[in-house]
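Asker: Build the 3D model from these lines:
(one chain, ligands or ions: 1)
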Amino acid sequence: GLPDAAFWWKERATCCKVRARRFGSQRQLVVVEPSSTAGVAVLKLKNLPVNSFSLEFLTELIINLEKLENDKTFRGIIITSDCPKAFSAGVDLREICGKNPAHYTEYWKVLQDLWLRLYLSNLVLISAINGPCAAGGCLIPLTSDYRILADNPKCLIGLNETRLGISAPFWFKDPLVNIIGHRASEHALQLGLLFPPAEALQVGIVDKVVPKDQVQSTALSVMTQWLAIPDHARQLTKNMIRKPTADLLVKHRDTDIQNFVSFISRDSIQKSLQMYLAKLKQNKD
Ligand SMILES: CCCCCCCCCC/C=C\CC(=O)SCCNC(=O)CCNC(=O)[C@H](O)C(C)(C)COP(=O)(O)OP(=O)(O)OC[C@H]1O[C@@H](n2cnc3c(N)ncnc32)[C@H](O)[C@@H]1OP(=O)(O)O
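Answerer: Just a heads-up that it's a prediction; the model follows:
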């Protein structure tokens, strides 16, 4: 069972709803549609231009995931992007640059919430990665049960944090190690590698590479295979495999937040994030 996580979810769900009311935005940043396959929802990320994780976007994402988790008609979710430029550009650098410790604390808690909600989901999660996917953006694929990447040279995927002068948190590193192994993670994380599709498949950070126009249909056919397994057996097995990794975050959330806030508040870290953001703005196509 998941008593610790269940407790956190209940408490955090209330916080999310309060936060959602605070934003009161008219923009729909997450679109949920039923698919042609019964019991399967397609969740489209739509925070233009690059699905960077703003606090508002994270909040909307968590609320939608919670609704799907609690709706017994759904057994699986395909997560994809509705932004032509990216699957996700990861953490919105404006959320972790030039703000105060209270803001960093709130932001990190919400990012942890998203990770827990995804990693311990009872539903089958398939990432249909139809665009570039960098750093924090990999949170969704790495917590999914299966990853399909579009075969396009622009569709780079990986944890490139070190290139920004920061380090991926342990709860990004652990799923990566679980998926691609210790040595490959050591290499990929230290060098901040962003893998093009063929290399991503070879190292194992994705399970399948298909032409971009087949990502969605492939996700549906893979989902059908996963849904052929009785839910209770699959869920018990998923939980058995993932619980030790999830427990590390559940048990050390507060320390992790403190570490993040003190790390991100350093002048040297702020400077290198600002430089990276400025470089992104210069390198326009
Ligand atoms: C003791 C230790 C404790 C633990 C410490 C933890 C430390 C922190 C860990 C933080 C965890 C994760 C970090 C991250 O996720 S950082 C984000 C990393 N992301 C990236 O490197 C991707 C950056 N983006 C791109 O490479 C490209 O934008 C793209 C996705 C490939 C798309 O390219 P494009 O040419 O099609 O579009 P582009 O013009 O670049 O972008 C459009 C506009 O979007 C802005 N933008 C892009 N990415 C971000 C972002 N992540 N945050 C904010 N804004 C972003 C970009 O600047 C453009 O804006 P504008 O149009 O110029 O205004």
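
Asker: Now do the strands in the stretch 101-250 of the chain.
Answerer: Assigned by DSSP state E, counting those that start in this stretch, the stretch 101-250 of the chain shows strands spanning 124-129, 133-134, 146-150, 157-158, 208-210.

Asker: Around the ligand, which positions in the stretch 101-250 of the chain sit nearby?
Answerer: Applying Cβ under 6 Å from any ligand atom, we find that the stretch 101-250 of the chain lies next to the ligand at 132, 134-136, 160-161, 164, 166-167, 169. To be clear about C-beta, it is placed using only N, CA and C from the backbone, and glycine gets the same treatment.

Asker: From the residues you listed, pick the one nearest residue 150.
Answerer: Nearest to residue 150 out of those is residue 132 (Cβ to Cβ; 9.7 Å).

Asker: Chain neighbours aside, what residue packs nearest to that closest one?
Answerer: Leaving aside its sequence neighbours, residue 132 sits nearest to residue 86 (Cβ to Cβ, 6 or more residues apart in numbering; 4.8 Å).

Asker: give me the number of residues near residue 38?
Answerer: 10 (other Cβ atoms under 10 Å).

Asker: oh sorry, the question was meant for residue 73
Answerer: Neighbours of residue 73 using other Cβ under 10 Å come to 10.

Asker: Equivalent analysis for residue 181, please.
Answerer: Residue neighbour count, defined by other Cβ under 10 Å, stands at 13 for residue 181.

Asker: Please report the distance of it from the ligand.
Answerer: Distance of residue 181 to the ligand, computed by Cβ to the nearest ligand atom, to the nearest Å: 21 Å.

Asker: for this structure, what are the low-confidence residue spans?
Answerer: Scanning the chain for pLDDT under 70 picks out 1-22, 24-25, 284-285.

Asker: Try it again at 50.
Answerer: Applying pLDDT under 50 to the chain picks out residues 1-3, 5, 8-9.

Asker: Which residues does stretch 199-213 contact?
Answerer: With contacts defined as Cβ atoms under 8 Å, 6 or more residues apart in numbering, stretch 199-213 is touched by 129-130, 138, 141, 146-152, 155, 157-158, 176, 179-181, 184, 188, 195, 197-198, 218, 222.
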